[in-house]
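Q: Fold the following and give me the result.
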Amino acid sequence: MTIPLQLNYLSKESEKEVDQKEGTLSQEEESIECELCFEVPNRAKELPCCRQNVICSLCARAWLAKHRSCPFCRRHLSSQVRHLGIADSAVQKVVDTLNVACPFSVASCPWTGRRDQLPSHLSNECVVAKEPTSNIPNIADFALDEKWYYVDRRSRRFSTASDSVHSQTAIDIPQRAISARSSLVHDHGMSDQLSAVGSAVGLVRDRSTGAAGTQEDNGSETGSEAERINQERERALHDHTPLWEQVQSYVMTPEEVEARQRRRELAAQQLEADQVEQTWLQRKRSMLIGLGIIALLIILITVGYFLKSR
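A: Residues are numbered from 1 along each chain as shown. Take a look at the predicted model:
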C-alpha cells in the first residue's frame, strides 16, 4: 500500500474506488497516526509518561511551547523534557518502512518506496525536484488537498452510514471531535482552521486571476502586486500541513535556505540563553532564601542570649 505524500490521485479516482481503499489505508495507519492531528507522522515521538500514545514532532513542538503538562494524562513534564525534546517512538521504525509516493508526483515523478529512502531519492534521483519552481504545478494546492483528505478520511472512519453519501450529522460529529482534539495544539479547531485556509487560498487564487486579467487589459502588472499575492498565498498555507514545510524547503533558493537556517540557529541560541538566565534566577532565589534563614537564626540566637543574660 502506497501512502501518497501529495494526494493528486483523488481527482482521478471515483468515490467508490476511494471508499474501497479507505479500509486498507485506515487499518495500516490507525496504530501509528498522531493522536492529536490524526496524521501519519514524519517523525513519531512519545512522552515518558504515556509511551503507548503516539504524537508527531510538529504537534509535540507546538504543545511543549505553550504547556508544561502531558496532553494525554496531564502530568507535569520536567524542564529537561520540555527544552531538550522527547524521544523518538518505537513506532518510528514502522513509519520508516511505509511505502510513500514522491512529493513531486504532482509533476509526474513516478517514484514510490520506503519513507526512509525518500531523502536519498530527492537528493540524488528525483529530476523534478531539481527543476525550476515554475515547472512544478500547484504544489501549494496539493499540500492543502492533503489536509482536507485527512479530515475526510477521519470522518469516514467514524461514520456508520453504509452508502457512499454520508449524512451531514455523521460527518459533523467526528469533525467536531477532531476540532476539539486539534484545538489542544493549534488553539482553534481544525475545521475552522481549514475553512480559513481554504478561503484564503480561494481569495489568493481569485486575486491571481484578476491580476492576470488586468495584465491582459492593461499590458502590464506591477511587481509589488505579484509579490504581495505570493506572500498571501504562502501565509495562507504556512504551517497548515506538515508537508508544506518539506515542500517549501525543496523549492527555496540557497539564500533562503541559509537565511532560514540562521533564524533557527538564533532561536536555538536565544532558547539556550533563556535557560541559562532561568537557572541563574533559580540559584539567586535559593541563595536569598538561604541568607534569609541564616539571618533569622542569628536574630533568634541573639535574642536568646540577651534574654538569658538578664
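Q: C-alpha only now, for contacts and for neighbours.
A: Noted.
Q: so which strand or helix has Gln261?
A: Per DSSP states H and E, Gln261 falls inside helix 254-309.
Q: residues contacting Gly113?
A: Thr2, Leu98, Asn99, Val100, Ala101 (C-alpha atoms under 8 Å, 6 or more residues apart in numbering).
Q: and what of Val276?
A: Listed by C-alpha under 8 Å, 6+ apart, Val276 has no contact partners.
Q: again, but for Ser57
A: Contacts of Ser57 (C-alpha under 8 Å, 6+ apart): Pro41, Asn42, Arg43, Ala44, Lys45.
Q: Format those as JSON lines; extra columns: pLDDT.
A: JSON lines is the format used below for the contacts of Ser57 (pLDDT from 0 to 100):
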{"residue": "Pro41", "pLDDT": "74"}
{"residue": "Asn42", "pLDDT": "73"}
{"residue": "Arg43", "pLDDT": "77"}
{"residue": "Ala44", "pLDDT": "79"}
{"residue": "Lys45", "pLDDT": "80"}
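Q: now those residues as CSV including distance to Ser69, secondary structure and neighbour count?
A: Output for those, formatted as CSV (distance: C-alpha to C-alpha, whole Å; DSSP: H, G, I helix; E, B strand; the rest coil; neighbours: other C-alpha atoms under 10 Å):
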residue, distance to Ser69, secondary structure, neighbour count
Pro41, 21, coil, 23
Asn42, 23, coil, 18
Arg43, 21, coil, 17
Ala44, 19, strand, 26
Lys45, 15, strand, 25
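Q: hang on, the earlier thing: just the buried residues out of the contacts of Gly113, in ChimeraX syntax.
A: Buried members of the contacts of Gly113 can be picked out in ChimeraX with the line below, counting by 16 or more other C-alpha atoms under 10 Å:
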select :98,99,100,101
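Q: In the contacts of Gly113, find the pair that's most separated.
A: Farthest apart among the contacts of Gly113 by C-alpha to C-alpha are Leu98 and Ala101. That separation is 10.0 Å.
Q: So, low pLDDT: which residues of this structure?
A: Counting by pLDDT under 70, the chain contains low-confidence residues at 1-31, 80-87, 89-90, 106-107, 128-226, 228-254, 256-257.
Q: remind me, longest strand of it?
A: In the chain, assigned by DSSP state E, the strand with the most residues is strand 50-56.
Q: and the angle from the helix or strand that comes right after it to strand 50-56?
A: Sequence-wise, the next helix or strand downstream of strand 50-56 (DSSP H and E) is helix 57-64. Interaxial angle, helix 57-64 versus strand 50-56 (axes from the mean of the first three to the mean of the last three C-alpha atoms, to 10 degrees): 110 degrees.
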